[in-house]
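Asker: A structural model of the following input is requested.
(one chain, ligands or ions: 1)
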Amino acid sequence: MERKYKVRVCRGPSCGDERHSSSLAEEFRRLLAAGDLPDVEMQWQSCYGRCRRGPNVLVLEAREQAAPPKFVLATQPLTRGGKATMYNHVTIADVGEIVSEHLAAGRPVRRLMERPPRQSGSGDSKKDGEE
Ligand code: FES
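Answerer: Residues are numbered from 1 along each chain as shown. As a prediction, this is how the structure comes out:
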């Protein structure tokens with residue numbers, strides 16, 4: 001059975017090594033177990049290319065699977081699509097809100113999305129296409 005949500009915590013050089021995203025993944029696991037949310041699968045991502053906005057966490061929501069069509073044209077793409085939400089500058093304090101609002105109640109947390117990149121000189125390394 002496919003899980004409803006996949007949570008991908010970035011563990012790239014900025015998010016993982018500099019900002020210790022492993023503690024975010026541990027907190028997600030702890031809260032998911034405590035909240036009994038079996039429809040969520042935890043995964044790792046190597047880098048999203050948005051390092052200056054890290055730590056980044058992507059939540060993927062699987063699309064409801066309709067019954068397969070009886071006949072499919074050969075040219076029709078067989079995509080599985082779904083919604084994706086990227087959370088930026090995620091802290092341990094934010095994880096509980098993502099779990100309770102997005103993963104448990106299905107309401108993405110807007111205030112944690114598309115936060116601006118950190119200013120240069122903050123010890124951040126590269127990427128985000130704004131250098
Ligand atoms: S290391 Fe996380 S986005 Fe690059």
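Asker: Let me know how buried R8 is, in neighbour terms.
Answerer: Neighbourhood size, R8 [other Cβ atoms under 10 Å]: 20. Every residue, glycine included, has its C-beta placed from N, CA and C.
Asker: who's it bridged to?
Answerer: R8 forms beta bridges with Q43, L58, as assigned by DSSP bridges.
Asker: Just the pLDDT for it.
Answerer: Looking at R8, its pLDDT stands at 97.
Asker: List the residues that contact it.
Answerer: The contact partners of R8, by Cβ atoms under 8 Å, 6 or more residues apart in numbering, come to Q43, W44, Q45, V57, L58, V59, L60.
Asker: Now rank the residues you listed by neighbours and give me the top one.
Answerer: V57 (26 neighbours).
Asker: The residue of the chain found nearest the ligand - how many residues pack around it?
Answerer: Nearest to the ligand, among the residues of the chain, is G12, at 2.4 Å (Cβ to the nearest ligand atom). Residues lying near G12 (other Cβ under 10 Å) number 23.
Asker: Leaving out the residues flanking it, which one is nearest to it?
Answerer: C47 (3.2 Å; Cβ to Cβ, 6 or more residues apart in numbering).
Asker: cool, Y5 as well?
Answerer: V40 (4.6 Å).
Asker: ok, back up a step: and the residue nearest to G12, how many neighbours?
Answerer: The tally of other residues near C47 (other Cβ under 10 Å) stands at 16.
Asker: hmm, back to that, now flag whichever of the contacts of R8 is closest to R118.
Answerer: V57 (16.2 Å; Cβ to Cβ).
Asker: show me the contacts for that closest one.
Answerer: Counted by Cβ under 8 Å, 6+ apart, V57 has contacts V7, R8, V9, C10, L24, M86, Y87, V90, I98.
Asker: and the ligand, which of those reach it?
Answerer: C10 (Cβ under 6 Å from any ligand atom).
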